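Q: below are the sequence and a predicted model for it; my questions follow.
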Amino acid sequence: LRCPWEVVDNKKIRAEFTFTDFDEAMFFANEVAAVAEGEDHHPDMHIYYKRVVVELTTHAIGGLSENDFILASKIETC
């Protein structure tokens, strides 16, 4: 089950992804890491057993940039 992205404090976007087990969650987290590395734009990720919470913000400007939304779109395809 994939929840839509939500804006948090007008500074970041967050989405929670739920999987069938820990292995699937970790596979997803590693896929996100590879995409993020390719974009040179790195999310905060929190892993809770079979849930992965991804948060995106642009630290250099202290808020959201176009890069956050581009990466969010690419994460949706992982």
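A: Thanks, I have the structure now.
Q: name the helices or strands packed onto the helix or strand Glu55 falls within?
A: Following DSSP states H and E, one finds Glu55 within strand 51-56. Applying 3 or more CB pairs under 8 Å, 6 or more residues apart in numbering; DSSP states H and E, one finds that strand 51-56 contacts strand 12-18, helix 22-39, strand 44-48, helix 66-75. Placement of C-beta: from N, CA and C, glycine included.
Q: can you list the buried residues in the last one?
A: Spelled out, that is helix 66-75. 67-68, 71-72, 75 (16 or more other CB atoms under 10 Å).
Q: likewise the longest one?
A: When burial is assessed from 16+ other CB under 10 Å, helix 22-39 yields the following buried residues: 25, 28-29, 32, 35-36.
Q: ok, now which ones touch the residue sitting nearest the centre point of the chain?
A: The centre of the chain sits closest to Val54, judged by CA atoms, centre = their mean, with a distance of 3.2 Å. Val54 is in contact with 14-17, 32, 43-45, 75, counting by CB atoms under 8 Å, 6 or more residues apart in numbering.
Q: also Ile70?
A: Per CB under 8 Å, 6+ apart, neighbours of Ile70: 39, 41.
Q: again with Gly63
A: 10-12, 57.
Q: ok, now Ile13?
A: 5-7, 55-57, 64, 68-69, 72.
Q: nearest to Asp21, of those residues?
A: Nearest to Asp21 among those is Glu55, at 22.7 Å by CB to CB.
Q: beta partners for that closest one?
A: On the basis of DSSP bridges, Glu55 is bridged to Arg14, Asp44.
Q: which of the contacts of Gly63 sits closest to Tyr49?
A: Proximity of the contacts of Gly63 to Tyr49 (CB to CB) peaks at Lys12, which lies at 23.0 Å.
Q: over to the nearest residue to Thr58 once chain neighbours are set aside: give its phi and psi.
A: Residue nearest to Thr58 in three dimensions, not counting chain neighbours: Ser65, with 4.0 Å by CB to CB, 6 or more residues apart in numbering. Note on Ser65: backbone dihedrals following degrees, to the nearest 10 are phi -130, psi 170.
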